[in-house]
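In: Next input, structure requested:
(2 chains)
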Amino acid sequence: MSATVLALSVAHGVLALVLPVVLVGLVNRTKARWAGRVGPGIWQSGWDLLRLLHKKPVYSALSTPLFRAGAYVVLLASALGALIAPMLGAFAPLQFTHDFVLFAYALGLARLFLMVSALDVGSAFEGMGAAREASFSAFAEPALFLLIGALALATGQTSFAALVGTLHASALYPVLVVPVVAALFILLQSEASRVPVDDPLTHLELTMVHEAMVLDHSGPELAATQYAGALKLSTYAGLIAAVLNPFSPLEHPLAALLAALGLLAAVALAVGCVESLRARLRMRQVPRYLLLASLLACLSLAIAGAWGT
Amino acid sequence: MCVGTLIAAVLVLLVGAAACLLPLSNPLRAAIGILSQLVATALVWTMVLPVLLGGEVLVGELAWAYPVGTLRVRLDALGAFFLAWSLPMTLLGGVYALGYLRPYLATRRHVGVHYALLNMTALSFVLVYAGDHALIFLLGWEIAALAAWLLVIWDYTNQKVRFAGFNYLVSTHVGLMFLVAAVMILYTHCGAWDLGSFGTWMQSHPGAERNAVFLLLVTSFGLKSAFFPFHSWLPRAHAAAPAHVSALMSGVIHKAGLYALVRFVWLMGTPDEWMGWFLVAFSACSALVGALYTVGQRDLKRLLGYSSTENVGIAGIGFGVGCLGLSWNNPVLVAVGFTGGLMHVLNHAVFKCQLFYAAGAVYQATHTVDVERLGGLARLMPWTAASFLIGGVAISALPPFNGFASEFTVYAGLFSAQDLPVGARLALYVTGALLAFVGAVSALSITRAFGVAFLGAPRDAAARPPVEASRWMLLPMGLHAVAVVVLGVFPVLGLWMVQGAAGIALASLTGPAVQAAPVALADLAANLSRIGLLAGLLLLVVVLVWAWRAATARGSPAPRSATWACGYAAVSARMQTTGAGFSADFAERFRGVLRLVRRQKAPQGYFPADAWLITDCVDAVEHRLFDVIRHGDASASALSQKLREDDPRYAFAAGLVALVAIAALVLLVGGPLL
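Out: Reported below is the predicted structural model:
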């Protein structure tokens, strides 16, 4: 392992650790600006997590040991996903042929355990949240694999980081970048529970998706699920940044790192702007919005198939 | 030597079956059945193991009278792979039956018949997987079908169970007719009964007759393995049978269909390209429809039955990819495709039996498998719940368990096509996306089934709270759970078991390209061990973190409080999420496939007395089948009524179709004529 790879791995790890806090901070700050407020500091969600860590949890009388274990499975499986997804361009600490399958299924494991711990407390609201999460994710899932197919046709690569990170070297980049980034952005909104798929700030249990599932979580377990949610946001933001990053991290590590940071901040700003300017979709229309991601991915696949080879 | 041991195993099973029928006490009969299976398993394993370890193909012959001719037995790596787990799993099913049928052991009911039938099932595996003679193969096929039918109708006093049994019997014999038709065609051409000469003829005679044989065989094997649209017998049979019988049927017996499919595809040498595409499309349809049906089921065992249709579809996608590789002479596709399919067959057998065993434990404890009436079982039956969850995570193909390893290999087959025509790559990638959708849907149904049945509070206040299953039932569940974890953390084990079999397919390839196969398999092995390592680490860290949290919380246990319900304090257990509610959002968007039937009594008047609503999901294929049989002419005229003659849209559409057809005819026929 060369020094560059080691340094990049460390950078990726540190970013994966810190970005969930910073990106949520940036999104909230952007939203506050649109609302005419200054808003909380960038690190506010980090302080909130620390505060939660010191609290003693309260469990539902109905819950089983699965409830507590579930929160940590969610956290660790999301972390595994974050180590496979590229963030700095064509590089990820865990990289092997067809690793994107592990990425998608690790996030799937996190989702399943989040839903199971939601159902564990026997509440109608949390069941509703879990049902929505399950059906939305089913509609979103094919989009990722269609995108992978398009990228495989365009780049001829086989690992997730290389597929996403080397698109800019392909001749089709100017055509493909728009649908690919748009599809990834929709996936981000769905996976990280952002507007217009889900509203993280809603206070009405009937309309919640992700928040409904963690109604009975408290203390460190709540911190774990919140952090895992933010980690998904930074993972998908990292994917978008890796598509757009013009530098190859193994050749120009510092330039790639700086570009990635800028792009990540830009994605967070975009998320915040969409959130400030758009209302969330009606629940019945969300699957259509998610199918849009699949359609965009199909479009990329068709473009890559028609002109790629 | 080979034939001797096989005949010994068959005789042990036969003698055991006969001894089970003797006038003894029921526990003694069960013990005889299990012991004879144990001996037979050991005998078979002494032959299977050398073949799996890469030894020679075992061949034996036994002279028999005309017209049967020489009975040939041939145990190669493919048969050895299937035999290796079929017999032990049947044995475990017998052990499970000790707990499941315990209420009957002390009664006058003859449990020995049941064990004799289990022995016959094990015997049929030996005949099917080792027989190289078409008649032995057919004999094994038929013994398995009859034994499974008689096993299903254990509770024969119930009319529904008898109906389900006959439904199965009819379906399986329709399948047999297709198989016999294919064998007749092959025999008329070869004049010999052994599969090898069938293969020789099929390799040298591509064309209409081989295509017909292929379609007949796929139909027959599709009926056996319950591919869509030949699956309608399956949910009924699985719901009616005792749990271990459902487990064995779904996990083990019907794998014979997949075995035969692979065997005959390999006999063809180089199948036509359309056969591979046909298999991929047929299997993808099965996977999709099977997964969609799991969403609506309220009967746990019906749900698991539909998920068999889904999983044979996933394995079939792998076989289809391998078949495409055979026709394109592409060793990577052959190696990865067949490996993925075969690994999935094994993994599915492991976790499906486990899930059925857990569902059986639920049935024994509560006398229902209707998820809407269950709830809160995890606190009363923790081991069963853990077993169902482990099996559920595995069946949703999620890491760290074995389902993920094989589905990863199937994905690898779909995404490893680099040097193919663009159209083929596009089709395979779209199949991959479909597989992702199927995975997410099956995660939805398993979460729903587990969450509603095992978590929360009990929905029906039972007179007697359910208790944990007996040790005889927990033992097979535990062993299967261990297998699920071991095959998930060391997926190379599964790969190792099927590697020899993949070698058979690779041997029929030609040219210098073959050298790519070992490289592809080594790559796959490296990837699988990476996945296994990551899965193991994930499992370890989760256990460690959980143990650490549990240890730190021990000093001062966390306070417990009521579940948050928007501040409403008088929550009843009936106000939890229901299974129907959980899947309503999703199922509504697939109304064409998922036929939800509602029966309700709406509240009426100012002081409504009682009101109820029952939703259930019926099988659209079965529904339409009966519909067409009952009033086929009426449905035809209903269709014609929908197409109004004076509607200009239809006139334009018909004109357009005619124009396209004429243009196509001119282009196609005109070319060669000019």
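In: make it CA atoms for all contacts and neighbour counts henceforth
Out: Fine.
In: Now name the helix or strand holding the most centrally placed residue in chain B.
Out: With distances taken as CA atoms, centre = their mean, B:Ser308 lies nearest the centre of chain B, 3.4 Å away. Using DSSP states H and E, B:Ser308 sits in helix B:300-328.
In: what's the nearest residue to the residue nearest to the centre of chain B if we skip its chain neighbours?
Out: Sequence neighbours aside, B:Ser250 is the residue nearest to B:Ser308 in space, at 6.4 Å (criterion: CA to CA, 6 or more residues apart in numbering or on different chains).
In: Hmm, the one you found is touching B:Thr309, no?
Out: No - here B:Ser250 does not reach B:Thr309: they are 9.2 Å apart, not a contact under CA atoms under 8 Å.
In: and B:Ile614, which of the three is it?
Out: strand (DSSP: H, G, I helix; E, B strand; the rest coil).
In: tell me which residues form a beta bridge with it?
Out: B:Ile614 forms beta bridges with B:Arg599, as assigned by DSSP bridges.
In: That one reaches B:Arg599, doesn't it?
Out: Yes - applying CA under 8 Å as the test, B:Ile614 and B:Arg599 come out as touching, 5.2 Å apart.
In: which SS state does the residue of chain B found nearest chain A fall under?
Out: Closest contact between chain B and chain A, by CA to the nearest CA, is at B:Gly456 (3.7 Å). Following three-state DSSP, we place B:Gly456 in the coil state.
In: Near it, how many residues? Count them for me, please.
Out: A count of neighbours around B:Gly456, defined by other CA atoms under 10 Å in any protein chain shown, yields 31.
In: for stretch B:525-545, what is the average pLDDT?
Out: Per-residue pLDDT values over stretch B:525-545 give a mean of 92.
In: Any buried residues in stretch B:610-617, and which?
Out: B:615, B:617 (16 or more other CA atoms under 10 Å in any protein chain shown).
In: Please enumerate residues in contact with it?
Out: The contact list for stretch B:610-617 (CA atoms under 8 Å, 6 or more residues apart in numbering or on different chains) reads B:293, B:296-298, B:580, B:594-603.
In: helix or strand for B:Trp64, which one?
Out: Here B:Trp64 is assigned to no helix or strand, by DSSP H and E.
In: Okay, domains of chain B per the record?
Out: B:293-549+B:578-593, B:596-603+B:610-642, B:648-674 (automatic domain parsing).
In: Which among the ones you listed is found nearest to B:Ala97?
Out: domain B:293-549+B:578-593 (7.5 Å; CA to CA).
In: roughly how far out does the closest one sit from the chain middle?
Out: Per CA atoms, centre = their mean, to the nearest Å, the displacement of domain B:293-549+B:578-593 from the mean C-alpha position of its chain is 10 Å.
In: on that earlier part again, quick one: which of the contacts of stretch B:610-617 sit in helices?
Out: Among the contacts of stretch B:610-617, DSSP state H puts B:293, B:296, B:580 in helices.
In: want to throw the residues you listed into TSV with neighbour count, distance to A:Ser9 and pLDDT?
Out: Below are those laid out as TSV (neighbours: other CA atoms under 10 Å in any protein chain shown; distance: CA to CA, whole Å; pLDDT from 0 to 100):
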residue	neighbour count	distance to A:Ser9	pLDDT
B:Tyr293	28	44	92
B:Gly296	27	45	88
B:Ala580	22	46	88
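In: re earlier: helices or strands up against the helix holding B:Ser308?
Out: helix B:233-240, helix B:255-267, helix B:273-296, helix B:331-366, helix B:402-415, helix B:422-454 (3 or more CA pairs under 8 Å, 6 or more residues apart in numbering or on different chains; DSSP states H and E).
In: how does it look with 7 Å?
Out: Counting contacts by 3 or more CA pairs under 7 Å, 6 or more residues apart in numbering or on different chains; DSSP states H and E, helix B:300-328 is packed against helix B:233-240, helix B:273-296, helix B:331-366, helix B:402-415.
In: helix or strand right after the first one?
Out: This means helix B:233-240. Once helix B:233-240 ends, the next helix or strand along the chain (criterion: DSSP H and E) is helix B:243-248.
In: Next, the buried residues of that following helix.
Out: Under 16+ other CA under 10 Å, the buried positions of helix B:243-248 are B:243-248.
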